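Provide a 3D model corresponding to the input given below.
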Amino acid sequence: MTIDTDTAVPILSGNWSHPQVEQYHDVFNPSTGEVIAQTPMCGMREVDGAVQAASKAFADWARTPAPRRAEVMFRYRALLNSHFEELAALVTRENGKTLDESRGDVRRGIEVVDFACGIAQLLKGENLPQVANFIDGATTREPLGVCAGITPFNFPAMVPMWMFPVAIACGNVFILKPSEKVPLTPVRLGELLLEAGLPEGVFNIVHGGREVVDALCSHPGIASVSFVGSTNVARHVYTLACANGKRVQAAGGAKNVLLVMPNAEPEPTLNAIMGAAYGNAGQRCMAGSLLMGVGSIGDELRDRLVAAIDKLAVDDTSANPRAEMGPVIDGTSQRRIQGMIARGAEEGATLVRDGRSGTPAHGFFVAPTLIDDVTPEMSLYTTEVFGPVLSMLRPDNLDEAIALLNRVPYGNGATIFTSSGANARQFVREIQCGMIGVNVGVPAPMALFPFSGWNQSFFGDLHVQGMEGVQFYTRQKVVLSRWDNTYKRTQGW
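Residues are numbered from 1 along each chain as shown. So this is what the prediction gives:
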C-alpha cells in the first residue's frame with residue numbers, strides 16, 4: 001500500500017518519524033465517512049524503540065526538581081488554552097461529537113493538567129522525628145520509570161490527559177498508544193507538550209492495535225500500564241500486564257442507571273437524562289443507558305422523552321454548528337448498535353423510538369433510540385451498547401429499583417433524581433458502584449477526585465485522577481535514620 005505522507009500519522013520515539021509498516025488503519029470523519037488520515041499499525045519494533053528512548057530520558061527527568069517539572073506543566077497548560085478551539089475542532093473532525101462536546105473533552109483534559117501543576121505539593125511525603133529513641137522516620141514518593149497508556153476513541157483529548165500529565169509530573173517517562181481511530185488529537189497534544197519544553201524522550205507515541213497493546217503489557221522495560229476501554233480488553237490488559245510484573249489500572253465498560261422518582265423536578269431531570277443518554281452519541285463509559293422510572297412516573301417520563309428526542313437535531317457536526325448530536329465513530333460501531341436495537345425488539349422490548357432510520361444519508365449515524373419494557377433477562381440490560389440507546393425499566397418502588405441496579409455486573413455510575421433527602425440517602429448508601437449522582441446526569445468526577453469504577457468496570461487498585469493517580473504513578477520509600485550521642489560519649493564530649 002502506498003501511503004501519502006501528508007495523511008500518514010507519525011509516531012514519537014524521541015523524535016517524530018513515519019514508521020515503515022505494512023498495514024495502516026483508515027481514520028474517518030464520522031460525519032461524512034471520508035478518510036482523512038491513515039494510522040500506522042506498529043508492532044514490537046516500534047514499542048521497543050519508544051521504550052529505549054524513554055529509558056534514556058528517565059534518569060535526568062526523574063532528577064529534575066518537582067517545581068521545574070511543574071513549570072513544564074504550567075507552560076503546557078498555557079499552550080492548551082491558547083490552542084483550545086483548534087483542539088476542539090480536531091476532536092470533532094476525527095471523533096464526530098459536536099463542537100460543544102469537543103470543547104468539554106478538551107476542557108476536562110486541561111483540568112488534569114491544572115492538577116498536575118501542583119505536583120510539588122502533591123509529592124510531599126511525611127516525617128516524624130523521634131519515632132523511637134534517636135530515630136527519625138520519613139517517607140518519599142519516587143517515580144516508577146517507563147509508564148504506558150492505552151486510550152480509547154471516545155475522548156481523544158481527555159482520556160490521554162487523564163494519564164500522561166500526572167505520570168510525567170511525578171518524574172516518570174511515558175508511552176501513549178492512542179486509539180487507531182482517533183490519532184490526530186493525541187499527536188497534536190504531543191506537539192504542544194514538546195513546545196512546552198519537555199525534554200526529548202520523556203513523552204512518546206506509538207500507534208497500532210492489539211500487537212502494540214500486548215507489546216506494552218509484556219515489555220520488560222515498562223513499569224506500569226494504564227488502560228481505558230471495554231471490559232473484555234480491560235480484563236486482558238490487566239491479566240497480561242500483571243503476569244509480566246507491572247502495576248496496572250484498567251478501566252472497562254459500564255451500564256449506568258438513571259433512576260427517576262415521582263418527586264423529581266421534571267424539567268432539569270429531563271435535560272439531564274437527554275444529556276446523559278445521547279451526549280457524545282452515547283459513546284462514553286458514563287453514559288446513562290438504563291432508565292428506571294419508579295412507580296407512577298413511568299408513562300409521563302417516557303412521553304416527555306419522546307417529545308425531546310423528536311426535537312433533537314442529529315446532523316453532520318463538522319458542517320452544521322447547530323447539530324445537537326453527531327454520528328458514532330465508524331461503520332462497524334453503527335452496524336453493531338443497529339444489531340443490538342434489532343435484538344432488543346426480537347427479545348420482546350418495545351421500540352418507542354428506533355434509531356435505525358431517520359438519519360443523514362452520509363456518515364455513520366444512529367438516531368436517538370428509546371426502548372421500553374426492558375427486563376433483566378434481555379441483552380439490552382446486561383450488555384454495554386456504547387451508542388445512543390436508552391433502555392427503560394419500570395420498578396414499582398425504590399427498593400426494587402436498587403435491587404435491579406445491583407444485579408448489573410458493572411459498577412461505574414448511577415444517578416437518582418429526587419427531591420427527597422431520604423430517597424437520596426438510601427440510594428447513596430445501598431448502590432454498589434463507584435460514582436453516584438444525586439440530580440446529576442453524568443456523575444463523572446473533576447480531576448481532584450478519582451474516576452472510581454467498581455466491579456467489572458475496573459481492574460486494579462488505584463484509579464486515574466486525583467491523589468490515586470499520583471499514588472499509582474509513584475512508589476513510596478520509607479527512611480529510618482538513627483543519629484544518637486554514642487560517638488560523643490565515647491570521645492568524652
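
Which pLDDT value goes with the closest residue to residue 367 other than its chain neighbours?
Excluding the flanking residues, the one nearest residue 367 by C-beta to C-beta, 6 or more residues apart in numbering is residue 355, at 3.8 Å. C-betas here are computed from N, CA, C, even on glycine. For residue 355, the pLDDT comes out at 96.

And residue 355, how far from residue 372?
14 Å (C-beta to C-beta, to the nearest Å).

any chance you could map the helices in the stretch 301-450 of the chain?
331-346, 379-382, 398-405, 421-430 (DSSP state H, counting those that start in this stretch).

residue contacts, the spatially most central residue of the chain?
When the chain is reduced to its mean C-alpha position, the closest residue under C-alpha atoms, centre = their mean turns out to be residue 159, at 4.1 Å. Residues in contact with residue 159, defined by C-beta atoms under 8 Å, 6 or more residues apart in numbering, are 109, 151, 152, 228.

and which of the residues you listed is nearest to residue 14?
Nearest to residue 14 among the contacts of residue 159: residue 151, at 20.9 Å, using C-beta to C-beta.

Got the confidence number for the residue nearest to that closest one when sequence neighbours are not counted?
Leaving aside its chain neighbours, residue 151 sits nearest to residue 159 (4.5 Å; criterion: C-beta to C-beta, 6+ apart). We have a pLDDT of 98 for residue 159.

ok, now residue 7?
81.

And the strands in the stretch 251-400 of the chain?
256-260, 288-293, 350-353, 369-372, 389-393 (DSSP state E, counting those that start in this stretch).

burial measure for the residue nearest to residue 275 when sequence neighbours are not counted, as a count.
Computed as C-beta to C-beta, 6+ apart, the closest residue to residue 275 that is not its neighbour in sequence is residue 441, at 5.2 Å. For residue 441, the count of nearby residues is 24 (other C-beta atoms under 10 Å).

Is residue 441 in contact with residue 258, as I believe?
Yes. In this structure, residue 441 is within contact of residue 258 by C-beta atoms under 8 Å, at 7.1 Å.

can you list residues touching both of those two?
Joint contacts of residue 441 and residue 258 (C-beta under 8 Å, 6+ apart) are 272, 273, 276, 288, 415.

was I right about residue 258 contacting residue 273?
Yes. Contact status for residue 258 versus residue 273: in contact at 5.5 Å, counting by C-beta under 8 Å.

Name the residue in these two with the higher neighbour count.
Legend: neighbour count by other C-beta under 10 Å for residue 258 and residue 273, higher for residue 258 (27 against 23).

how close does that one sit to residue 329?
If you go by C-beta to C-beta, the gap between residue 258 and residue 329 works out to 23 Å.

All the helices of the stretch 51-200 of the chain, residue numbers only.
Along the stretch 51-200 of the chain, counting by DSSP H, counting those that start in this stretch, helices occupy 66-82, 84-95, 99-116, 119-122, 158-169, 184-195.

Mind listing residues that contact the last one?
By that I understand helix 184-195. In contact with helix 184-195 (C-beta under 8 Å, 6+ apart) are residues 9-10, 12, 27, 36-37, 76, 79-80, 83, 86-87, 90-91, 93-95, 109, 151, 156-157, 160-161, 164, 176, 178, 200, 203, 205.

Name the residues of it that are buried.
Going by neighbour count (16 or more other C-beta atoms under 10 Å), the buried part of helix 184-195 is 184, 185, 186, 187, 188, 189, 190, 192, 193, 194.

Please apply the same query to stretch 256-272.
Buried positions in stretch 256-272, judged by neighbour count with 16+ other C-beta under 10 Å: 256, 257, 258, 259, 260, 261, 262, 264, 269, 270, 272.

Stretch 403-417 now?
Here stretch 403-417 shows 404, 405, 408, 410, 411, 412, 413, 414, 415, 416, 417 as buried, counting by 16+ other C-beta under 10 Å.

residue contacts, the first one?
The contact partners of residue 404, taken as C-beta under 8 Å, 6+ apart, are 292, 376, 393, 395.

tell me the domain boundaries of this protein?
Split into domains by automatic domain parsing, the chain comes to 11-252+457-479, 256-438.

what's the offset of the shortest one from the middle of its chain?
Per C-alpha atoms, centre = their mean, to the nearest Å, the displacement of domain 256-438 from the mean C-alpha position of its chain is 20 Å.

Could you do the first one as well?
Using C-alpha atoms, centre = their mean, the mean C-alpha position of domain 11-252+457-479 is found 11 Å from that of the whole chain.

For it, give the distance from the opening residue to the closing one.
Domain 11-252+457-479 stretches 41 Å from its first residue to its last (C-alpha to C-alpha, to the nearest Å).

sorry, back to before: which of the buried residues of stretch 403-417 lies closest to residue 145?
Closest to residue 145, out of all of those and judged by C-beta to C-beta, is residue 412, at 29.9 Å.

so who does that closest one touch?
Going by C-beta under 8 Å, 6+ apart, residue 412 touches 253-256, 285-286, 433-435, 453-454, 457-458.

Recalculate using a threshold of 6 Å.
By C-beta atoms under 6 Å, 6 or more residues apart in numbering, residue 412 lies in contact with 254, 256, 285, 453, 457.

Could you list the low-pLDDT ranges of this protein?
In the predicted model, the chain carries pLDDT under 70 at residues 1-6, 485-493.

which of the contacts of helix 184-195 count as buried?
By 16+ other C-beta under 10 Å, these give 9-10, 12, 27, 37, 76, 79-80, 83, 87, 90-91, 93-95, 109, 151, 156-157, 160-161, 164, 176, 178, 203, 205 as buried.

Near residue 120, how many other residues are there?
Residue 120 has 14 nearby residues by other C-beta under 10 Å.
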